[in-house]
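Peer 1: Predicted model, plus sequence, below.
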Amino acid sequence: MGEAGRPALNATLAAGSIAIILNTLALKVADLIPLATAKGGLLRLITPWLTPVLQLFGVAGVWASLAGPPVTSSAFQTGFHLAVGMAMAIAYAFAIEPHLPGRPFVKGMIYALMVWLLNAFVLLPATGERVAGSAHLTAPGVLWFAAAHTLFFVTLAMLYAAFRRRSHDAI
């Protein structure tokens, strides 16, 4: 990546880190209540497909030799959640944000809605959770998840814009 892309990457990594940490904390607070929220749907969906590939290429063996946590562990699931959040931040900054209309708050809401619809109507039903996780979640659980989800995307969009503006002002 050239020098021109570095401020965008720095803004993405900073905004994405803060946004995914806030999202993770919001979901952990729900666990304390306790209130079940939709978590781990993507990991549950890809694990059966990815496991044989990771075994074939020896990645699973290396992971085991390093005493990496099992996929079912809270540590692995949290790490996966953080990694997916950062991937979504990078996708936002470099592929999605330039095409969205409006100010950062609106862009964050649009991105949140796009991903929410994909999650609610494709991903969760594909894992047997029905629409929006309704097979196992109460209405408050669905709403908490939606709020934590929206918190991530709006925080990401607003901080990304602020950090980009700050890097442009510094030039």
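Peer 2: Received it, and whenever you're ready, just let me know what you need. Residues are numbered from 1 along each chain as shown.

Peer 1: Which elements pack onto the helix or strand where residue 48 lies?
Peer 2: Assigned by DSSP states H and E, residue 48 belongs to helix 41-56. Other elements packing on helix 41-56 under the criterion 3 or more Cβ pairs under 8 Å, 6 or more residues apart in numbering; DSSP states H and E are helix 59-65, helix 74-91. For every residue, glycine as well, the C-beta is placed using N, CA and C.

Peer 1: Run the chain-centre distance for the longest helix belonging to the chain.
Peer 2: For the chain, the longest helix by residue count, based on DSSP state H, is helix 139-170. Its chain's average C-alpha position is 11 Å from that of helix 139-170, according to Cα atoms, centre = their mean, to the nearest Å.

Peer 1: which residues touch the nearest residue in space to residue 133 that is not next to it in sequence?
Peer 2: Of all residues not flanking residue 133 in the chain, residue 38 sits nearest, at 3.8 Å (Cβ to Cβ, 6 or more residues apart in numbering). Neighbour list for residue 38: 119, 124, 129, 132, 133, 137, 141, 142, 145 [criterion: Cβ atoms under 8 Å, 6 or more residues apart in numbering].

Peer 1: so which pair among those is furthest apart in space?
Peer 2: Among these, the pair separated by the greatest distance (Cβ to Cβ) is 119 and 141, at 13.9 Å.

Peer 1: re the thing from before, mind pulling up the pLDDT for the residue nearest to residue 133?
Peer 2: Here, the pLDDT recorded for residue 38 equals 80.

Peer 1: That one: helix or strand, and which one exactly?
Peer 2: Per DSSP H and E, there is no helix or strand for residue 38.

Peer 1: Could you measure from it over to residue 87?
Peer 2: Distance, residue 38 to residue 87, by Cβ to Cβ, to the nearest Å: 18 Å.

Peer 1: same thing with residue 72?
Peer 2: 21 Å.

Peer 1: if we can go back for a sec, ok, and what's touching the helix holding residue 48?
Peer 2: Contacts for helix 41-56 (Cβ under 8 Å, 6+ apart): 60-61, 63, 71, 77, 80, 84, 119, 123-124, 126-127, 129, 133.

Peer 1: now those residues: which count as buried?
Peer 2: Taking 16 or more other Cβ atoms under 10 Å as the criterion, what is buried in these is 60, 71, 77, 80, 119, 123, 124, 127, 129, 133.

Peer 1: so who does the fifth one touch?
Peer 2: When the contact criterion is Cβ under 8 Å, 6+ apart, the partners of residue 119 are 38, 41, 132, 149.
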